[in-house]
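Trainee: just coords:
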């Protein structure tokens with residue numbers, strides 16, 4: 001019994017090692033050819049900058065910054081859950097952004113509300129949503145002078 005448990009644990013560990021994504025294998029100094037080989041394909045889109053560097057985006061959640069055919073840095077989207085009450089969850093995501101130093105780049109954020117009636121995506125203020133949810137739970141209304149934007153686009 002003990003041997004079969006150890007064998008199962010070893011197989012699970014080996015499988016987890018194989019499941020590492022190509023993005024996790026990227027490191028500064030890799031050539032563009034090595035990046036494409038590790039990722040299994042080229043980027044889904046690219047953005048060029050005047051200093052001859054290029055941001056390669058793999059979807060909306062991962063990017064690498066290339067300069068002189070070398071990987072300089074990489075970034076991923078970061079999720080934070082602002083509210084999770086079981087039935088309703090609000091998630092705030094900072095999208096992956098790659099830009100060389102000295103270039104002002106506007107941070108992209110997206111919020112997502114999961115409800116039993118569907119998922120809504122858009123730009124909402126998580127603190128305003130939290131106040132509104134607390135008001136519904138406690139029976140108190142939020143102050144009228146505060147703006148409360150709500151996502152109005154249901155996700156597909």
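Mentor: It's in. On a predicted model such as this, the values are computed, not experimentally measured, just so you know.
Trainee: can we go C-alpha only for contacts and neighbour counts from here?
Mentor: Will do.
Trainee: Can you give me the domain boundaries for this structure?
Mentor: 21-76, 78-146 (automatic domain parsing).
Trainee: deepest of those domains, which one?
Mentor: Across the domains of the chain, the average number of neighbours (mean count of other CA atoms under 10 Å) peaks for domain 21-76, which reaches a mean of 16.
Trainee: Strands along this protein, start to end?
Mentor: Counting by DSSP state E, the chain has strands at residues 45-48, 53-58, 62-67, 70-76, 78-84, 89-94, 109-115, 118-122, 153-154.
Trainee: strands paired with the fifth one, and their directions?
Mentor: Right, the one you point to is strand 78-84. Next to strand 78-84 in the sheet, as set by DSSP bridges, lie strand 89-94 (antiparallel).
Trainee: Next, the angle strand 109-115 makes with the strand it pairs with.
Mentor: 170 degrees (axes from the mean of the first three to the mean of the last three CA atoms, to 10 degrees).
Trainee: Could you list the low-pLDDT ranges of this protein?
Mentor: Within the chain, the ranges that satisfy pLDDT under 70 run 1-20, 104-105, 124-130, 132-133, 135-156.
Trainee: switch the cut-off to 90
Mentor: 1-22, 60, 78-156 (pLDDT under 90).
Trainee: OK, contacts around residue 114?
Mentor: 88, 89, 90, 120 (CA atoms under 8 Å, 6 or more residues apart in numbering).
Trainee: If we use 6 Å, what do you get?
Mentor: Each residue near residue 114 by CA atoms under 6 Å, 6 or more residues apart in numbering is listed here: 88, 89.
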